[in-house]
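[1] okay, here's the prediction I keep looking at, along with the sequence it came from:
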Amino acid sequence: MTFENYSKTKKLALGIFFDALGYVSFVFPPFDFVWAPASAWLMTKLYEGKKGKIAAVLSFIEEAFPLLDVIPTFTLMWLYTYVFSSEKKTETTVIDIN
């Protein structure tokens, strides 16, 4: 399962959904035992590379510890990736002439 072909908007929508899903633990605290590793795994699939791995560790910690669930980790990672990051993707177009 990979989300690399998803648009920025779809990744934002998924991130908001995943952040909202993390709030379930306020009603049902044992949910964190399942959600903490799942959120870390999903973070590595949404954002690949070193940034995704670091975000996954932070997401796991945020979901595993009580009272930190209010931090919208997925949304913050989306903002970092698409708004604040100075790294620009370059697209190359190959034109085949036969």
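    Happy to help now that I have it.
[2] make it CA atoms for all contacts and neighbour counts henceforth
    Will do.
[3] you'd agree residue 40 is up against residue 54?
    No: using C-alpha atoms under 8 Å, residue 40 makes no contact with residue 54, being 9.5 Å away.
[4] higher neighbour count, these two?
    Higher neighbour count among residue 40 and residue 54: residue 40, with 23 against 14, using other C-alpha atoms under 10 Å.
[5] now do the contacts for the more buried one.
    Contacts for residue 40 (C-alpha atoms under 8 Å, 6 or more residues apart in numbering) come out as 55-60.
[6] now it: how far from residue 65?
    Distance, residue 40 to residue 65, using C-alpha to C-alpha, to the nearest Å: 14 Å.
[7] now swap in residue 38 and tell me
    Using C-alpha to C-alpha, residue 38 is found at 15 Å from residue 65.
[8] can you check residue 52 too?
    Applying C-alpha to C-alpha to residue 52 and residue 65 gives a distance of 20 Å.
[9] so the two - more neighbours on which side?
    When neighbours are counted by other C-alpha under 10 Å, residue 52 and residue 65 differ, and residue 52 comes out ahead with 20 against 11.
[10] for that one, which non-adjacent residue is spatially closest?
    Leaving aside its sequence neighbours, residue 52 sits nearest to residue 44 (C-alpha to C-alpha, 6 or more residues apart in numbering; 4.9 Å).
[11] cool, residue 33 as well?
    Excluding the flanking residues, the one nearest residue 33 by C-alpha to C-alpha, 6+ apart is residue 64, at 7.1 Å.
[12] next: residue 71.
    Looking at residue 71 with C-alpha to C-alpha, 6+ apart, the closest residue is residue 62, at 7.4 Å.
[13] now the lowest-mean-pLDDT helix or strand in the chain, how far from the centre of its chain.
    Counting by mean pLDDT, DSSP states H and E, the chain has its least confident helix or strand at helix 24-27, which shows a mean of 88. Helix 24-27 has its C-alpha centroid displaced from the chain centroid by 20 Å (C-alpha atoms, centre = their mean, to the nearest Å).
[14] ditto for stretch 10-18
    That offset, for stretch 10-18, works out to 8 Å (C-alpha atoms, centre = their mean).
[15] with that, I have no additional questions.
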